[in-house]
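In: Sharing a sequence plus its predicted fold:
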Amino acid sequence: MQETLARALHAQRGPIRLQWEALLRVERTTTPLAHPDSLVHLLDWAIDEIFSALQPDADGQPVPAPPVATALRSECACGRNPFLVFFIAGEQAMIEALVLTQTEIPALDAASRDSAVSELYAVLRRLRDQEIESFCALCQYRGSATCAGIQPAAPCNRSR
């Protein structure tokens, strides 16, 4: 991500956090751990992780982008992982902020805009996968017949 764009996005930290929390609060919860009041304390940590990952590595290389920028998808079989709704809300808040930030920098060309979106999706996907897998590793339903055949406790009110 271009330095100018990264700085401009970082300047949107406050509005990103507010939007992420607002989106988190409209999601249906699947478990008590997925309740927004249980998750909002993770917002600052997650935003820090995202901004840190968007920084070029020691060689100055940007974060490798995934082949196709697509919406985040759940990998949790039982649907009870509280990070499912957390990262869906976060993805929307971060992408909205990036797009709005891009509109304020008219000198950005289309390739730079597309690259920045792909890079942000890559960072979000990596953090999401890591946290969902870590939580799922502790799940009492993991690997059981109950987990394989279970429907999510309360599916989100938005299609994925």
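Out: Right, received. Where do you want to start?
In: quick one: average confidence on the lengthiest helix in the chain?
Out: Using DSSP state H, we find that the single longest helix of the chain is helix 110-136. Computed over helix 110-136, the mean pLDDT rounds to 90.
In: So for stretch 33-44, what gets flagged as buried?
Out: 34, 36, 39, 42-43 (16 or more other Cβ atoms under 10 Å). From N, CA and C alone the C-beta is placed, and that goes for glycine too.
In: This structure: helices as residue ranges?
Out: Under DSSP H, the chain gives helices at 3-10, 13-26, 36-39, 43-53, 83-103, 110-136, 145-149.
In: just to revisit the earlier point, columns pLDDT and distance to Gln2 on top of the buried residues of stretch 33-44, output as CSV?
Out: Output for the buried residues of stretch 33-44, formatted as CSV (pLDDT from 0 to 100; distance: Cβ to Cβ, whole Å):
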residue, pLDDT, distance to Gln2
Ala34, 82, 35
Pro36, 89, 33
Leu39, 90, 31
Leu42, 94, 28
Leu43, 95, 25
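In: can you tell me which of the residues you listed lies nearest to Ala116?
Out: Leu43 (21.7 Å; Cβ to Cβ).
In: For that closest one, give me its contacts.
Out: Leu43 makes contacts with 17, 20-21, as judged by Cβ atoms under 8 Å, 6 or more residues apart in numbering.
In: Any stretches of the protein with poor pLDDT?
Out: For the chain, applying pLDDT under 70 flags the ranges 56-75, 140-160.
In: Arg128 and Phe87 touch, don't they?
Out: Yes: contact between Arg128 and Phe87 holds when scored by Cβ atoms under 8 Å: they sit 4.1 Å apart.
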